[in-house]
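# below is the sequence, then the predicted model.
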Amino acid sequence: MHRLCPSALGRSAAESASTPARSIGARLACAGLVLLGSLGMPHGARAQTPPEPPGSASTSVSAPMSAPMSAPMSAPVSASAPASTPMTASLPVVRARPLPGDARRWDFLAVDPATGRLFATRDDQVDVLNPATGEPLGRVGGLPRVHGVVLLPRLGLGFASAGAGAFIRVFDSASLQTRTDLRVSGRNPDALMADPAQDRVWVFNHDSDSIDVIDANTLSIVQTIATSGHPEVGVTDGRGHVYVNIEDHPGIDVIDARSGRRVGTWPLADCEEPSGLDIDTAGGRLFSVCANGLAVVTALDDGRRVAQWPIGHGADGVAFDPVTRVVWSACGADGHLHAARQLDPDHYQPLEPLATAVGARTLVLDPASHRLYLPAAVEHRFTVLEVSPPR
């Protein structure tokens, strides 16, 4: 997105004392650890830190398992029922993958499904790493104010948006060598959306209220679409429609992908600066996260709100895992990862949040491993936090 991300650490004692999750994370970070607190642990329980093997490239934090995640949690929430206090669930295993150098800002990530490699944006580059070991594998540089990165594995191509340069870098996803730079029609190209079925990449030009659509076979822009406001994240239903969160007057634009026309806008009342967006295509639901601490579920057939629940503040990323049926929200302002289990398309069970790091506001889900990756700065090191599902 377009907001700058401060380092998770380096705050004054007064600031740390006023925010318990930050002070815990800071104390552990000074010892070389990152705490991603207790998803579903009883309040007051203490996470146990196992010893790390010598020479390990990562730091892990785990805790004793309590009730399995399939156990009943709090009362389900819908659009008409407020969330109650979450109860116990099991705790994922968490690792921190530090990379060389600091970072002033960071944004989107992508996972290569063919190789498992992780692509993470920061400052003016895209870092590529092996998430299993944390080993850096290379980088794509020369991207002023990089925002988005997506992959089209069948074509062996990657795409990254340079917000300050107003271009899209097309690169070989294996060698990381540049294929070409495409100048966009708008200002501040931000999030990207890959449409593998059509071999297209959608570019959301945040500051000019427009979308450019790239044909990945010809490497040319074939459509420019006007949006109703500042476009943030978009998703496709795979059936000819694209849905885009609009930040400045909260809503979801509905776009006919074939004609390239906006066919409607669904309002998102009480949702400030909606950014992260994901989709449950089977259940026909959209998941939006709002900067003011709200997650909203919208029906695909008519845009009605079917559920909502409170999350942390400063959320920029949301991911729905269709296998585990969990909706994950990365809330960077207060450094928490929130989760809610989908009981059915209209009802959701909030789970206990994990304390992450201030600034960890975006995320990506690896659909093969069900792991989540969140970027942040920890003790002046750019770090990718890995959240592994309970075993």
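Happy to help now that I have it. Residues are numbered from 1 along each chain as shown.

# quick check: chain neighbours aside, which residue is closest to Gly293?
On the basis of CB to CB, 6 or more residues apart in numbering, the spatially nearest residue to Gly293 that is not a chain neighbour turns out to be His313, at 4.8 Å. Where C-beta positions appear, they are placed from N, C-alpha and C, glycine not excepted.

# OK, contacts around the one you found?
Ala291, Asn292, Gly293, Cys331, Ala333, Asp334 (CB atoms under 8 Å, 6 or more residues apart in numbering).

# against Ser208, how distant is it?
When distances are taken as CB to CB, to the nearest Å, His313 and Ser208 turn out to be 28 Å apart.

# buried residues in the strand or helix carrying Leu129?
Under the criterion DSSP states H and E, the helix or strand holding Leu129 is strand 125-130. Along strand 125-130, these residues count as buried under the neighbour rule (16 or more other CB atoms under 10 Å): Gln125, Val126, Asp127, Val128, Leu129.

# apart from its neighbours in sequence, what residue is nearest the first one?
I take that to be Gln125. Gly141 (4.5 Å).

# hmm, back to that, show me what the following helix or strand past the strand holding Leu129 is in contact with.
Helices and strands here follow DSSP H and E; after strand 125-130, the next one along the chain is strand 135-140. Contact partners of strand 135-140, identified using CB under 8 Å, 6+ apart, comprise 57, 99-100, 117, 125-130, 158, 160, 169, 171, 176, 178.

# I'd assumed Leu337 was in contact with Ile311.
No - taking CB atoms under 8 Å as the contact criterion, Ile311 and Leu337 are not neighbours in contact, 9.4 Å apart.

# overlap in contacts of the two?
Looking at what touches both Ile311 and Leu337 (by CB under 8 Å, 6+ apart), the common residues are Ser329, Cys331, Pro353.

# restricted to buried residues, select those in PyMOL.
Buried members of these, identified by 16+ other CB under 10 Å, are gathered into one PyMOL selection as follows:
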select buried, resi 329+331+353
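
# let's have the shared contacts of Ile311 and Leu337 in CSV, adding secondary structure.
Rendered in CSV, the data for the shared contacts of Ile311 and Leu337 read as follows (DSSP: H, G, I helix; E, B strand; the rest coil):
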residue, secondary structure
Ser329, strand
Cys331, strand
Pro353, coil
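
# wait, which of the shared contacts of Ile311 and Leu337 is closest to Trp106?
Cys331 (15.3 Å; CB to CB).

# sheet partners, orientation included, of the helix or strand harbouring Ala377?
Here Ala377, judged by DSSP H and E, is contained in strand 372-378. The pairing partners recorded for strand 372-378 under DSSP bridges are strand 364-365 (antiparallel), strand 381-388 (antiparallel).

# tell me the contacts of Gly276?
Contacts here follow CB under 8 Å, 6+ apart; on that basis Gly276 touches 232-233, 245, 287-289, 315-318, 329-330, 362.

# mind checking the end-to-end distance for stretch 234-246?
Criterion CA to CA, to the nearest Å; first-to-last residue distance in stretch 234-246 is 9 Å.
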